[in-house]
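Trainee: Build me a model from this:
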Amino acid sequence: MQITDVQVIVTCPGRNYVFVKVFTDVAGLYGVGEGTLSGSEPIVAEAIRHITPLLLGRDPQQIEDLWHLVYRQGYWRGGPIFMAALAAIDIALWDIKGKQAGLPVYQLLGGKARDGVMCYSHAHGRDPVECEDSARHLIEQGFRVVRCQVGDYGGAGNLGALPPITPGTPETRIYEPTPYLLSVPALFAHLREQLGPEIELMHDVHEQLQPIEAVRLVKALEPFRLFFLEDPLMPEQREAWPLLRAASATPLAIGEILTSRWDCLPLFVNRWIDFIRIKPLHVGGLTEARKILVLAEPYNVRSAFHGAADIGPVAQAASVALQMVIPNFGVQEWTRYPDPVYEVVSGICRMERGFLYPNEAPGLGVDVDMEKAAQYPYQRAYMPLARRADGSMHVY
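Mentor: The predicted model follows:
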């Protein structure tokens, strides 16, 4: 068997996605993958096109070998662009192998360890009462775990926004940490009083804080028994994680922007985190994500794969396939896609009562309608921008 073509599909059915189809010389046998990287979709697409000639004529059954071929071909290894491009190819190769075997991909990875993948979704509001109402709506739908935020990332710390300088670029929000640090414990005091002690609640700091600020927050939140606190620090502040870990028994989660096992390993062996937030899409696909979760298991680190709507339904299917199998599963993030996505992609994983279920068709069970995708052309987009009140740049 040989790879005969790799077609890249950049589409915007409500938001931008990068899909691929890897075709073989076996009639009708192809695999579907995804390389979406929010704000950088055209760059990933061009990386895939650049890599494609190296794949033509090779055996798609040799997934491990092809993974290392793509990973090592450029000498400058890793990084989010190339790992997303590699993931697109890798996920498609697993889809091919599942179709060839006549089995869902999770069966090839070892078979079910659970009936479905427990998910959390997002409760939002302009104040704690609105956030409570949003959380109750999710709980009524069957969600056992709910992420709670007031306002956008940074919450009460968002003091306004500056208009774009250039048309088509984002506005710049103004952020200061003190209002945020004061508001988050008050939010969870309200939620625990109104929702009770048993529902699992979490919060995403989104890397907004300096280490000592994060210590203050994690200590203040400890009485409210969070399921986890997400991204309290930037990954670059790795040396500060021991300080944060020693300050509180609140579980910690990080990894949404990590791209390799080498990023993750120090977090595991030093026992600095409880949940790892990577996903196959941005670490090079199922081949690498499975290895990372094997490394995490002996250190009692569980999965909490990133799964907002910028992770498209093909990558979601890969995440679900892996988490159906691993013993150290924790939780999966979930949000509904824009309605047009359900026209473009078929076989999207089924959500029911707070659990995701894989498609039982061979492979990943998903497909991309290329004609319908073409009806939703790419729309230039960037990630949000943020500055402090004094005008200096801040992380989003």
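Trainee: Leaving out chain neighbours, which residue sits closest to Thr287?
Mentor: Closest residue to Thr287 apart from its sequence neighbours, by C-beta to C-beta, 6 or more residues apart in numbering: Trp67 at 4.7 Å. Heads up, the C-betas are built off the backbone N, CA and C, glycines and all.
Trainee: Spell out the secondary structure type for that neighbour.
Mentor: The three-state label given to Trp67 by DSSP: H, G, I helix; E, B strand; the rest coil is helix.
Trainee: That one is in contact with Leu286, isn't it?
Mentor: No: contact criterion C-beta atoms under 8 Å: Trp67 and Leu286 do not qualify, at 9.5 Å.
Trainee: Show me which of the two is the more surrounded one.
Mentor: The residue with more neighbours, out of Trp67 and Leu286, is Leu286; 27 against 20, by other C-beta atoms under 10 Å.
Trainee: Let me see the contact set for that one.
Mentor: By C-beta atoms under 8 Å, 6 or more residues apart in numbering, the contact set of Leu286 is 90-91, 94, 105, 109, 280, 318, 321-322.
Trainee: Show the backbone phi and psi for the residue nearest to Asp369 when sequence neighbours are not counted.
Mentor: What sits nearest to Asp369 in space, not counting adjacent residues and going by C-beta to C-beta, 6+ apart, is Val344, at 5.7 Å. When read as degrees, to the nearest 10, the backbone of Val344 gives phi -80, psi -40.
Trainee: Please tell me how far Val344 sits from Arg380.
Mentor: 19 Å (C-beta to C-beta, to the nearest Å).
Trainee: What of Leu252?
Mentor: In this view, Leu252 and Arg380 are 35 Å apart by C-beta to C-beta.
Trainee: Endpoints of stretch 110-117, how far apart?
Mentor: Start and end residues of stretch 110-117 are separated by 15 Å (C-alpha to C-alpha, to the nearest Å).
Trainee: Check which helix or strand the nearest residue to Tyr299 once chain neighbours are set aside maps to.
Mentor: Spatially, and ignoring its direct neighbours in sequence, Tyr299 is nearest to Phe268 (4.2 Å; C-beta to C-beta, 6+ apart). According to DSSP states H and E, Phe268 maps onto helix 261-269.
Trainee: what do you get for His190?
Mentor: helix 177-195.
Trainee: Which neighbours in the sheet does the helix or strand following that helix have, and how are they oriented?
Mentor: As assigned by DSSP H and E, the chain's next helix or strand after helix 177-195 is strand 200-204. According to DSSP bridges, strand 200-204 forms sheet pairs with strand 145-150 (parallel), strand 228-230 (parallel).
Trainee: Of these, flag the one that's most buried.
Mentor: strand 228-230 (a mean of 25; mean count of other C-beta atoms under 10 Å).
Trainee: chain center to it: distance?
Mentor: 15 Å (C-alpha atoms, centre = their mean, to the nearest Å).
Trainee: Stretch 322-339 too?
Mentor: 9 Å.
Trainee: related to what we said a few turns ago, just checking, the residue nearest to Asp369 touches Glu371?
Mentor: No: the criterion here is C-beta under 8 Å, and Val344 misses it with Glu371 at 9.5 Å.
Trainee: Quick check, central residue of this structure?
Mentor: His306 (2.5 Å; C-alpha atoms, centre = their mean).
Trainee: neighbour-wise, which of Val344 and Glu371 wins?
Mentor: Taking other C-beta under 10 Å, Val344 and Glu371 do not tie; Val344 has more neighbours (27 against 7).
Trainee: So which residues of the stretch 101-250 of the chain form helices?
Mentor: Remark: helices assigned in the stretch 101-250 of the chain by DSSP state H, counting those that start in this stretch are 105-108, 128-140, 177-195, 211-221, 241-247.
Trainee: Looking at those helices, which is nearest to Tyr357?
Mentor: Between Tyr357 and the helices of the stretch 101-250 of the chain, the tightest spacing by C-beta to C-beta is seen for helix 105-108, at 10.6 Å.
Trainee: Mind giving me the packing neighbours of the closest one?
Mentor: The contact analysis (3 or more C-beta pairs under 8 Å, 6 or more residues apart in numbering; DSSP states H and E) places helix 105-108 against helix 80-101, helix 313-323.
Trainee: Which stretch among these is buried most, on average?
Mentor: Mean neighbour count (mean count of other C-beta under 10 Å) peaks for helix 313-323 among the helices and strands packed on helix 105-108, with a mean of 28.
Trainee: How much space separates the closest residue to Leu385 other than its chain neighbours from Thr166?
Mentor: Spatial nearest neighbour of Leu385, excluding adjacent residues (C-beta to C-beta, 6+ apart): Thr172 at 4.3 Å. Distance, Thr172 to Thr166, using C-beta to C-beta: 12 Å.
Trainee: Identify all contacting residues around stretch 5-15.
Mentor: 16-23, 41-42, 45, 48-49, 52, 55-56, 89, 309-310, 337-341, 343-344, 368, 370, 372-374, 376-379, 381.
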